[in-house]
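Asker: Model the structure of this input:
(4 chains)
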There are 2 protein chains.
Amino acid sequence: MFQLNLKGGGEIVMDLNERSRDILRAIIQSYISTAEPVGSRTVTKRYNLGISPATVRNIMSDLEELGFLVQPHTSAGRVPTDKAYRFYIDTMLEVKGLPRQQEEEILNYPLHRGDFHQLMQETTKLLSALSHYTGIIMAPKPAETVYRHMEFVRLTGGRVLAIFVSNAGIVHNRMINLDEDLTQKELEKISAFLNREMAGKTLREMRSRVLQLMEDDRNSYTRLMMKFMKVWQDASYEGEEGAEAELFVGGLSEMFNIPDFKDYDKMKELFIAFEEKHRLLKLLDLAMDAEGVQVYIGSENKYFEMQGISLVVASYRGEGNVIGTLGVIGPSRMPYNTVIPLVDCTARVLGRLISDR
Amino acid sequence: MFQLNLKGGGEIVMDLNERSRDILRAIIQSYISTAEPVGSRTVTKRYNLGISPATVRNIMSDLEELGFLVQPHTSAGRVPTDKAYRFYIDTMLEVKGLPRQQEEEILNYPLHRGDFHQLMQETTKLLSALSHYTGIIMAPKPAETVYRHMEFVRLTGGRVLAIFVSNAGIVHNRMINLDEDLTQKELEKISAFLNREMAGKTLREMRSRVLQLMEDDRNSYTRLMMKFMKVWQDASYEGEEGAEAELFVGGLSEMFNIPDFKDYDKMKELFIAFEEKHRLLKLLDLAMDAEGVQVYIGSENKYFEMQGISLVVASYRGEGNVIGTLGVIGPSRMPYNTVIPLVDCTARVLGRLISDR
DNA sequence: TCTTAGCACTCAATCCTATAGAGTGCTAAT
DNA sequence: ATTAGCACTCTATAGGATTGAGTGCTAAGA
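Answerer: Presented below is the predicted three-dimensional model:
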């Protein structure tokens, strides 16, 4: 079906007895569905555990001491901590497959239109529409994309546009300002040479090959390529690895429907964080290597740590290789049992669409 | 210096006497700088008009009757209406050139990196950073772009990627699923034919030329082109003219710093409106034809009408032609005298950058 | 006739207080 | 070990008083 690969899962094996686990589960589930602090009476009423509120109170007190619950204030019920969510996801969550209906909805969503950018944008909207949270996608990184076709096009004023096309139909381009004036004929020769020598390589790989070629002779071919490589590096460099990746965000306004964030300043903080795209990208990059769906809870990760916010992320493939990641960002109290398969399914569908749309 | 072309300007010539105009100006300026309703005493204290609060009150009452002012409630001062802003901009605004320092800042902003998408994105950030509002840009529309270079690239599984490059180095692309399997050699022939026959045409123009050619004979050339045209139309069509344009937004979080919108629900409404990009695009499209800077106040336009929000928009050029528009979106009480030249200057700089970066 | 001082009036914002209600922790009984 | 009972805590809400900004009107003055 699908695979949930748990970040740090299994490391912390808590020994809670059956009943404590039942109560913790009940509290988490209740809080996920209502967003209200959960009291002892609520637990006994809504979940038939055959014990009295007083007993529940004693156990809740223990759970608080263990760091699974906190009280917003003395006379309120209790709320799960990040630790509780982690424990819940690692040991208690039963993730079923996606309901037939939602799968249909994903498959029927009009994702095929337009170019690659539009596909990415539409996919964030799909993620958002089905999860009712905000959808995010990290697009394939130029440096690690395998290119099939390359082309240099001469523009006015000694400018040359380099266009690189991947197997999956992703197009990347950069403008190069040339000192010498090459004719379009010459550029075509260079393009032909590149396509012959370099097809199936990533930029990283091309770079070392070009350096190798340069040792033999320094002709227009290699000079243009080196210029291109330099332009590329200049454009990519922002002091951070992975900064050259592109981030797409969709359904931002869904954040306003989440009761957890019904606060102006919290919202402001959140939107400022969204504009620091490189932080989110760092986090999305983490999920590149991992198989299956990852969940990052609250302040578990240092790149986008934010009280009460979690991310559900999965990598997607194009022509066989993992080329990016996608996911959903929402409150830590999100219904993981439905969001996880949703993200998983969307990643698969996107992969299929990229490989043969 | 620069030209402010006023939407509907001059039509409504209000005959207010000198003093009424002075007071109206004082109220608007005061409100722009403080965001607080303006009372009669404030006017006499902050602007030395040599009249008493009582007199001001009488005139304010008249101005209210004329529709220039409203009171939020009985015991509050008065606030300018959209009509007042319009009048202010049309007849009282003195727009100076951009301060040397800000011009420097625009010229020094690192806008040259990366591809065209990144350039657009960075420019919205520039607009936002200098205005402290939200920056928006409508990218060139494929249908009206003059292309210099066209290329069909064969991918796996009978898919063909069409790549079109404009004089200004803008790259548009679309995926085409072909029934027949053309070799890359054949595609190159078609590309060469296209570049010979169609260079310097817009998509619109190409379309009619292809239809013309088809009457003579229906070979692979024209069939592929027609398929491409169809794919293009499918992707562009969303029931709305101008829907195929792309919108870039930067500095959304600035909205949270504007006291006018210090309200959760107002903010929610605003962000939902931002996600309906086609509405904003419609509005930005309006400014394509007009020369100079346009100002759209509050509910003056039907595409993005929103209480208390205005847009300052200018078109930008690439290789001589107007290819898109850009601007700033903020509260109606924004300091137009600085924002207008800022938008104007940014449009010029972007145009220059596109034509020779 | 225009201007202005004076005054009563209105209304939002703020603060204070009382009250209700949810939930806990502790104790004693089962 | 469990649970009923009860005192205690704290938030949220509503009502009421107070303050202050600002207006509109009136009558006197220029």
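Asker: what about the longest helix in chain A?
Answerer: Counting by DSSP state H, the longest helix found in chain A is helix A:336-355.
Asker: could I get that one in PDB with only the CA atoms?
Answerer: C-alpha atoms of helix A:336-355 as PDB (Å, rounded to 0.1, in the frame of the first residue of the first chain):
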ATOM      1  CA  TYR A 336      -2.700  12.200  10.300                       C
ATOM      2  CA  ASN A 337      -4.600   9.000   9.400                       C
ATOM      3  CA  THR A 338      -6.200  10.800   6.400                       C
ATOM      4  CA  VAL A 339      -3.500  13.300   5.600                       C
ATOM      5  CA  ILE A 340      -0.700  10.800   5.400                       C
ATOM      6  CA  PRO A 341      -2.300   8.600   2.700                       C
ATOM      7  CA  LEU A 342      -3.400  11.800   0.900                       C
ATOM      8  CA  VAL A 343       0.100  13.100   0.600                       C
ATOM      9  CA  ASP A 344       1.400   9.700  -0.300                       C
ATOM     10  CA  CYS A 345      -1.100   9.300  -3.100                       C
ATOM     11  CA  THR A 346      -0.600  12.800  -4.500                       C
ATOM     12  CA  ALA A 347       3.200  12.200  -4.600                       C
ATOM     13  CA  ARG A 348       2.600   9.000  -6.600                       C
ATOM     14  CA  VAL A 349       0.100  10.600  -9.000                       C
ATOM     15  CA  LEU A 350       2.400  13.600  -9.600                       C
ATOM     16  CA  GLY A 351       5.300  11.200 -10.300                       C
ATOM     17  CA  ARG A 352       3.200   9.400 -12.900                       C
ATOM     18  CA  LEU A 353       2.000  12.600 -14.400                       C
ATOM     19  CA  ILE A 354       5.600  13.900 -14.800                       C
ATOM     20  CA  SER A 355       6.800  10.700 -16.400                       C
END
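Asker: quick one: the closest residue to DNA strand C within the stretch 101-250 of chain A from DNA strand D, how far?
Answerer: Proximity to DNA strand C, evaluated over the stretch 101-250 of chain A using CB to the nearest atom of the strand, is greatest for A:His132 at 25.1 Å. (Each C-beta comes from the backbone N, C-alpha and C, glycine too.) According to CB to the nearest atom of the strand, to the nearest Å, A:His132 stands 24 Å off from DNA strand D.
Asker: for A:Val79, same thing?
Answerer: Using CB to the nearest atom of the strand, we find A:Val79 at a distance of 13 Å from DNA strand D.
Asker: list the contacts for that residue?
Answerer: By CB atoms under 8 Å, 6 or more residues apart in numbering or on different chains, A:Val79 lies in contact with A:31, A:37-38, A:69-72.
Asker: among these, which are in strands?
Answerer: With strands defined by DSSP state E, the entries of those inside them are A:69-70.
Asker: In PyMOL, how would I select just the buried ones from the contacts of A:Val79?
Answerer: If you want just the buried ones from these in PyMOL, going by 16 or more other CB atoms under 10 Å in any protein chain shown, the selection is:
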select buried, chain A and resi 31+37+38+69
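Asker: Of the contacts of A:Val79, which is the nearest to B:Ile297?
Answerer: Checking these against B:Ile297 by CB to CB gives A:Pro72 as the nearest, at 44.1 Å.
Asker: helices and strands around the helix or strand of chain A with the lowest mean pLDDT, which ones?
Answerer: When the helices and strands of chain A are scored by mean pLDDT, DSSP states H and E, helix A:220-236 comes last with a mean of 76. Judged by 3 or more CB pairs under 8 Å, 6 or more residues apart in numbering or on different chains; DSSP states H and E, the packing partners of helix A:220-236 are strand A:159-166, strand A:171-177, helix A:184-198, helix A:203-216.
Asker: relative to strand A:159-166, how tilted is the longest helix of chain A?
Answerer: Angle of helix A:336-355 versus strand A:159-166, following axes from the mean of the first three to the mean of the last three CA atoms, to 10 degrees, is 120 degrees.
Asker: how far off strand B:171-177 does helix A:336-355 point, in degrees?
Answerer: Going by the same axes, to 10 degrees, helix A:336-355 makes 90 degrees with strand B:171-177.
Asker: related to what we said a few turns ago, distance to DNA strand C and pLDDT for the contacts of A:Val79 - can I get that in JSON lines?
Answerer: Formatted as JSON lines, the contacts of A:Val79 follow (distance: CB to the nearest atom of the strand, whole Å; pLDDT from 0 to 100):
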{"residue": "A:Tyr31", "distance to DNA strand C": "11", "pLDDT": "98"}
{"residue": "A:Pro37", "distance to DNA strand C": "6", "pLDDT": "97"}
{"residue": "A:Val38", "distance to DNA strand C": "7", "pLDDT": "97"}
{"residue": "A:Leu69", "distance to DNA strand C": "9", "pLDDT": "98"}
{"residue": "A:Val70", "distance to DNA strand C": "11", "pLDDT": "97"}
{"residue": "A:Gln71", "distance to DNA strand C": "6", "pLDDT": "96"}
{"residue": "A:Pro72", "distance to DNA strand C": "10", "pLDDT": "94"}
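Asker: and whatever helix or strand A:Ile106 lives in with helix A:336-355, angle?
Answerer: Applying DSSP states H and E as the criterion places A:Ile106 in helix A:100-108. With the same axes, to 10 degrees applied, the angle from helix A:100-108 to helix A:336-355 works out at 30 degrees.
Asker: what's around A:Thr124, how many residues?
Answerer: A:Thr124 has 23 neighbouring residues, counting by other CB atoms under 10 Å in any protein chain shown.
Asker: circling back: residues touching the helix holding A:Ile106, excluding its own?
Answerer: A:98, A:126, A:130, A:338, A:342, A:345-346, A:349.
Asker: one step back: would you point to the one among the helices and strands packed on helix A:220-236 that's packed deepest?
Answerer: strand A:159-166 (a mean of 22; mean count of other CB atoms under 10 Å in any protein chain shown).
Asker: Quickly check: it near chain B or not.
Answerer: Yes - applying CB under 8 Å from any CB of the partner chain, one finds that strand A:159-166 is in contact with chain B at A:159, A:161, A:163, A:165.
Asker: how much space is there between the first one and B:Met120?
Answerer: In this view, A:Arg159 and B:Met120 are 18 Å apart by CB to CB, to the nearest Å.
Asker: same check, this time on the second one
Answerer: Applying CB to CB, the value for A:Leu161 to B:Met120 is 16 Å.
Asker: Over to the last one?
Answerer: A:Val165 sits 21 Å away from B:Met120 when distances are taken as CB to CB.
Asker: Tell me where the stretch 251-357 of chain A has helices.
Answerer: A:264-275, A:277-289, A:336-355 (DSSP state H, counting those that start in this stretch).
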